[in-house]
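Participant: Here's a sequence, model it:
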Amino acid sequence: MGNKEYVNSVSAEKSIEVPNRFQVALYSGKQHRNFFRSIYPHSYIGSTLAAAVGFSVGVCIAPRRALIVNDDNIRGALKHNPDNPPLLGDRSLAAEPREFTEKLCADVRRGGTERLLDTRVGKMTNYILTHLEKRQRPDEDAKQYFGDYLESVLFDDDRRQERRILKAEELDKYYFRTNNGWYNTYLVLAKAHFRTDNLPDFNRQTGWLDAANDLYDDWKKGEINIPQEVLEDAGVGVDEDIAEVELSPTITEWRRDTASDAVKSLKLVVYDLKYGMRGDRRVRSSLNRDARHRIEKADNYNYLNPGS
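Facilitator: Down below sits the predicted model:
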């Protein structure tokens, strides 16, 4: 093969390594279809419509959709449920989810996923990295946001397996790092002109409100988001039944106070997103919806307004 032919061959291979918007939309459609089938296995029309919706969303917001699809597949695989494999059907991710995610994280830090290009998640990750590089500020290395997010996913897997307890300060740092990584990756992909450091306390208080809102589900999964200090005061161990945990007066008080403080902080964030910033209207609306959804969820719980 001559040099020119070789270069053309390499170029063709490279073009396959990074999916285009249409391919991302197809992956998005497959994700929607398979999720619908997992709930309604005999509804052909419904699964077809779900695929169409997923495809349409993928076309409209391909980079952000690629991020969300990857998150669903990686987190789903790390739950180690053989009856619920990754929705994109990546066999290597399903077989060795921990090893796969560790490789993915290391490759993201380096800026490429060459070792995983035979997988859909690997190809989607390359698509994300390509757009992070195109859309990042001159003074930032946006792939590190994505790396921070993947490290938090691995950390969640570790603590879930061990039912690990963390002190309040450790949880605070964890919430900041997790949400800083996820939301800043999202903001870069959305071409936003701001980052989460423009929204004081957004990363931390989002995490704390999730901890209060999702206490039941998190505890059942092994993600202990009640600080060690509170558990010790309550005399509750990590293997306690969730019903006993929720009946503890100490934990109930912690949950109420944590949610109340977080809601107050996030209401200020909602105000800033709506009135205190200019430009990036659609992105601000998206973050606004995220914050308001969490606030509304807290408002619906009796622990926040026990007298109502």
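
Participant: Not counting its neighbours along the chain, what's nearest P249?
Facilitator: A234 (7.9 Å; C-beta to C-beta, 6 or more residues apart in numbering). All C-beta spots, glycine's among them, are computed from the backbone N, C-alpha and C.

Participant: Same question for the helix or strand A94 falls within: list its buried residues.
Facilitator: Using DSSP states H and E, A94 maps to helix 91-95. For helix 91-95, burial by neighbour count (16 or more other C-beta atoms under 10 Å) applies to 92-94.

Participant: from these, which is closest to A259?
Facilitator: Nearest to A259, judged by C-beta to C-beta, of these is L93 at 35.0 Å.

Participant: Quick check, the closest one in contact with T119.
Facilitator: Yes: when contacts are counted by C-beta atoms under 8 Å, L93 is listed as touching T119 (6.3 Å).

Participant: Pull up the overlap in contacts between these two.
Facilitator: Counting by C-beta atoms under 8 Å, 6 or more residues apart in numbering, the common neighbours of L93 and T119 are F100.

Participant: which one is L215 nearest to, not counting chain neighbours?
Facilitator: Closest to L215 by C-beta to C-beta, 6+ apart is R255, at 6.3 Å.

Participant: what about that neighbour, which helix or strand?
Facilitator: With DSSP H and E as the criterion, R255 is inside helix 249-271.

Participant: what sits against the residue lying closest to G111 once chain neighbours are set aside?
Facilitator: Take G111 and drop its neighbours on the chain: the residue closest to it by C-beta to C-beta, 6+ apart is K143, 5.7 Å away. Residues counted as contacts of K143 (C-beta under 8 Å, 6+ apart) are 108-109, 111, 129, 132-133.

Participant: May I ask which two of those are separated the most?
Facilitator: R109 and E133 (13.6 Å).

Participant: For I226, grab phi and psi.
Facilitator: Dihedral pair for I226: phi -90, psi 130, per degrees, to the nearest 10.

Participant: Tell me the spacing between E169 and T250.
Facilitator: 19 Å (C-beta to C-beta, to the nearest Å).

Participant: out of these two, which sits in the busier spot?
Facilitator: Neighbour count, other C-beta atoms under 10 Å: between E169 and T250, T250 has more, with 15 against 11.

Participant: Out of the buried residues of helix 91-95, the closest to Q205 would be?
Facilitator: Nearest to Q205 among these, with distances taken as C-beta to C-beta, is L93, at 32.4 Å.

Participant: shaky segments in this protein?
Facilitator: Where the chain drops to pLDDT under 70, the residues are 1-19, 21-62, 80-89, 113, 117, 302-308.

Participant: For R195, give me its contacts.
Facilitator: 184, 187.

Participant: what separates it from Y145, distance-wise?
Facilitator: R195 is 9 Å from Y145, by C-beta to C-beta.

Participant: next one: K220
Facilitator: For K220 relative to Y145 (C-beta to C-beta), the value is 30 Å.

Participant: What of D218?
Facilitator: Remark: distance between D218 and Y145 (C-beta to C-beta) = 24 Å.

Participant: of the two, who's got more company?
Facilitator: Y145 (25 against 18).

Participant: and the more buried one, which of the three is it?
Facilitator: Using DSSP: H, G, I helix; E, B strand; the rest coil, the three-state assignment for Y145 comes out as helix.

Participant: wait, doesn't it sit right on L189?
Facilitator: No: under the criterion of C-beta under 8 Å, Y145 makes no contact with L189, lying 9.8 Å away.
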